[in-house]
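Asker: have a look at this prediction, sequence included:
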Amino acid sequence: MEASQETVGIDQMDLSLLDPVLKANSGHKGRTIAILQEAQEIYGYLPLEVLEKISEATQEPLAKLYGVATFYTQFRMKPVGKHLIMLCQGTACHVMGADRVQQAIEDELQIENGETTKDGVFTLMTVACLGCCSLAPVMMVDGETYASLTPDSVRKILRKMRKEADA
């Protein structure tokens, strides 16, 4: 799943884009997660209208689909920004100052964990571990890893990304 793909707005949402996914998975039990993953690939997140269409097509209760989508951290119920920042809060990163890095990100972007900037450029999400413990503290943005972060270095990275987004 690419976090950098454009998010489709509800006002322009074409639910027929789900038809091939639903057809390919028709009659196959236990495909809920795969269907939700493919739907999120299409729309960038899982809006209620998409869950309703999946529920209708699969005969799965909407409450079950919602439960699955909100249980697994891979699924998003709200659109994400052009750049998804995943900040590690694992033990090594925490010990090495991830809380100070998070505060710098939140201050710089004027958002908190789980939020998206008003202009839709950045979304911040903390994660349990990125598997880069020897490089702590670490964040991943659009698949690129940034290591040994400090509050100052993360501000520079974000300002550079902001400048590129504005260009």
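Answerer: Received it, and whenever you're ready, just let me know what you need.
Asker: need the pLDDT of the most far-flung residue of the chain relative to its centre.
Answerer: Outermost residue of the chain with respect to the C-alpha centroid, by C-alpha atoms, centre = their mean, is G27; its distance is 29.4 Å. The per-residue pLDDT reported for G27 equals 79.
Asker: and if you look at the one 5 residues further on?
Answerer: For T32, the pLDDT comes out at 92.
Asker: touching, it and E60? I think so.
Answerer: Yes: if you go by C-beta atoms under 8 Å, T32 and E60 touch, sitting 6.3 Å apart. All C-beta atoms are positioned from the backbone trio N, CA, C, and that covers glycine.
Asker: in which helix or strand does the closest residue to L158 other than its chain neighbours reside?
Answerer: Once flanking residues are discounted, L158 sits nearest to E108: 5.1 Å by C-beta to C-beta, 6 or more residues apart in numbering. In this assignment (DSSP states H and E), E108 forms part of helix 98-109.
Asker: quick one, the helix or strand just after that helix and helix 98-109 angle?
Answerer: Counting by DSSP H and E, the next helix or strand C-terminal to helix 98-109 is strand 122-127. Interaxial angle, strand 122-127 versus helix 98-109 (axes from the mean of the first three to the mean of the last three C-alpha atoms, to 10 degrees): 170 degrees.
Asker: so how far is strand 122-127 off the chain centroid?
Answerer: Taking C-alpha atoms, centre = their mean, to the nearest Å, one finds the center of strand 122-127 at 7 Å from the center of the full chain.
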